[in-house]
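J.: Take this sequence and fold it.
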Amino acid sequence: MHRLAHNGPVNDVSFASLLTPEGRALLDEVRGTEPARELAVATRLRREHPAELVSAALGQARLRQRAAAKFGAEDAERMFFTPNGVEQSTRTSVATYRAERFRALGVRAVADLCCGIGGDAIALARAGIRVLAVDRDPLTAAVARANADALGLTGLIEVREADVTEVDTTAYDAVFVDPARRGGRGRIFDPEAYSPPLSWAVDTALKAPLAALKIAPGIPHEAIPAEAEAEWISDGGDVKEAVLWFGTEPGLVRATLLPGPRELRGRGLPDPEVRTVGRYLYEPDGAVIRAHLVAEVAEDLDGGLLDETIAYVTADALRPTPYASAYEITDRLPFNVKKLKALLREREVGVLTVKKRGSAVEPEELRRKALPKPQGTNAVTVFLTRVAGAPTMLLGAPATPPTGGGPS
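T.: Residues are numbered from 1 along each chain as shown. Take a look at the predicted model:
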């Protein structure tokens, strides 16, 4: 029955019907409908309303529930979505951070190209910035327009259905481009296969006073233009995106951690040296790793690497840092499931967290084999990694650094 809300794609006709008084009333009525109740609710409502409208309302209710994680429940309940729009839109916390950065740079008007359902345009408008939001897909543009209206932002957001490559942006202080990075076969990894291609987006950015291009976090560093500042953004420890900024600080590489924001700027350091396992292991934030700034973290912690190819930092001292999670290491073992199982049983471990870098072993598989029957309340974290090239298990637990004195 969960499929009922998605028994047909969102289309122009079904979406337009949701904007009518009847459609809006139905949206209010189906708000919060649980999947198990959808069939009964649909059967009842179809006695008084067109079947297509009922399906569209239930589908939109389900999309709004999914979107709450990105947009917050209050906004999501008022907004409109498409399945792709929920999947590909920018999380509000990230969009708000970027909008505030635009505002701090003195931007008052932005051309938002490939605007999708309007997530970034909304954040920009709420920062007091006038926005031209452009998307060539008629349905997507209609949804973005409806969202601007639903949130009371039509005075600052103009939505235009057009091909972004044909839009004149000279009247705007800045350009923001979010190319489509998904196709019919899923995620697109080649930047030139983006829609529009990254090369077009870069050419457009270079012609603007200021620009930001949203790209996939996994973009090769060698593909980053020399004129760009490259920023990787994580939210709550999860890497969300990378952005190329033009008109700011060419060549700068930074990792930005939300909430905060906390910013780590690249200092052009060489790779850290490999050293013996110290008392503490630091797991850098994903944005730090993607930005290739592990060396900066290692220097701040007076640490080194466990292995030249692994992004784990080891050090003898426990120091505060927002850019890595600290663990106190209690045991170092060569990879051996039987030895690990015996050790966990001896220490009455009931909760086992498995992390890995540089290991082909699946964490869930190891957890099942090493701790088939939890027999205690103690917790252990095991790191599957390499130390100086050798497969190794490091056991430990999260450590709480002393407060104050850390890098910001």
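
J.: residue contacts, residue 117?
T.: 79, 80, 81, 82, 85, 89, 140, 143, 144, 147 (CB atoms under 8 Å, 6 or more residues apart in numbering). Every residue, glycine included, has its C-beta placed from N, CA and C.

J.: can you tell me which helix or strand the nearest residue in space to the first one that is not next to it in sequence belongs to?
T.: By the measure of CB to CB, 6 or more residues apart in numbering, the closest residue to residue 79 outside its immediate chain neighbours is residue 147, 4.9 Å from it. Residue 147 is part of helix 138-150, with elements assigned from DSSP states H and E.

J.: List of residues touching that helix?
T.: Outside helix 138-150, the residues that touch it by CB under 8 Å, 6+ apart are 10-12, 15-16, 19, 78-82, 85, 115-118, 121-122, 125, 133-135, 154, 157, 159-161.

J.: So which residues of the stretch 101-250 of the chain form helices?
T.: Along the stretch 101-250 of the chain, counting by DSSP state H, counting those that start in this stretch, helices occupy 119-126, 138-150, 198-207.

J.: looking at the ones you listed, which is buried most?
T.: Highest mean neighbour count among the helices of the stretch 101-250 of the chain (mean count of other CB atoms under 10 Å): helix 119-126, with a mean of 26.

J.: Which strand residues bridge the closest residue to residue 160 other than its chain neighbours?
T.: Of all residues not flanking residue 160 in the chain, residue 134 sits nearest, at 5.0 Å (CB to CB, 6+ apart). Using DSSP bridges, the bridge partners assigned to residue 134 are residue 113, residue 160.

J.: Residue 134: how many residues sit nearby?
T.: Using other CB atoms under 10 Å, residue 134 has 24 neighbouring residues.

J.: could you redo the helices of the stretch 101-250 of the chain as CSV and give each row distance to residue 177 and mean pLDDT?
T.: Output for the helices of the stretch 101-250 of the chain, formatted as CSV (distance: least, CB to CB, whole Å; pLDDT from 0 to 100):
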stretch, distance to residue 177, mean pLDDT
helix 119-126, 10, 98
helix 138-150, 15, 96
helix 198-207, 4, 93
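
J.: Turn those into JSON lines, including distance to residue 65.
T.: As requested, those are exported to JSON lines (distance: least, CB to CB, whole Å):
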{"stretch": "helix 119-126", "distance to residue 65": "17"}
{"stretch": "helix 138-150", "distance to residue 65": "16"}
{"stretch": "helix 198-207", "distance to residue 65": "33"}
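
J.: one step back: in the contacts of residue 117, find the pair that's most separated.
T.: Taking CB to CB, the two most distant members of those are 79 and 140; they sit 13.3 Å apart.

J.: can you state the direction angle for the helix holding residue 147 and helix 119-126?
T.: Angle, helix 138-150 to helix 119-126, by axes from the mean of the first three to the mean of the last three CA atoms, to 10 degrees: 30 degrees.

J.: one step back: among the helices of the stretch 101-250 of the chain, which comes closest to residue 253?
T.: It is, among the helices of the stretch 101-250 of the chain and with distance given as CB to CB, helix 198-207, at 16.9 Å.

J.: Can you list the residue ranges for strands in the stretch 1-150 of the chain?
T.: Using DSSP state E, counting those that start in this stretch, the strands of the stretch 1-150 of the chain run over residues 109-113, 130-135.

J.: and what of the stretch 151-300 of the chain?
T.: Counting by DSSP E, counting those that start in this stretch, the strands of the stretch 151-300 of the chain are 157-161, 174-177, 182-183, 186-187, 210-215, 228-235, 238-246, 253-258, 262-265, 280-284.

J.: Residue 276 - how many residues pack around it?
T.: 11.

J.: With adjacent residues omitted, what lies nearest to it?
T.: In space, residue 276 is closest to residue 314, 7.7 Å off (CB to CB, 6+ apart).

J.: pretty sure the one you found belongs to a strand, no?
T.: Yes. Counting by DSSP: H, G, I helix; E, B strand; the rest coil, residue 314 is found in a strand.

J.: what's across from it in the sheet?
T.: Bridge pairing for residue 314 - DSSP bridges - gives residue 281, residue 304.

J.: State the distance from it to residue 326.
T.: Residue 314 sits 11 Å away from residue 326, going by CB to CB, to the nearest Å.

J.: go on, residue 287?
T.: Distance of residue 287 to residue 326, computed by CB to CB: 17 Å.

J.: which one of these two has more residues nearby?
T.: Legend: neighbour count by other CB under 10 Å for residue 287 and residue 326, higher for residue 287 (28 against 20).
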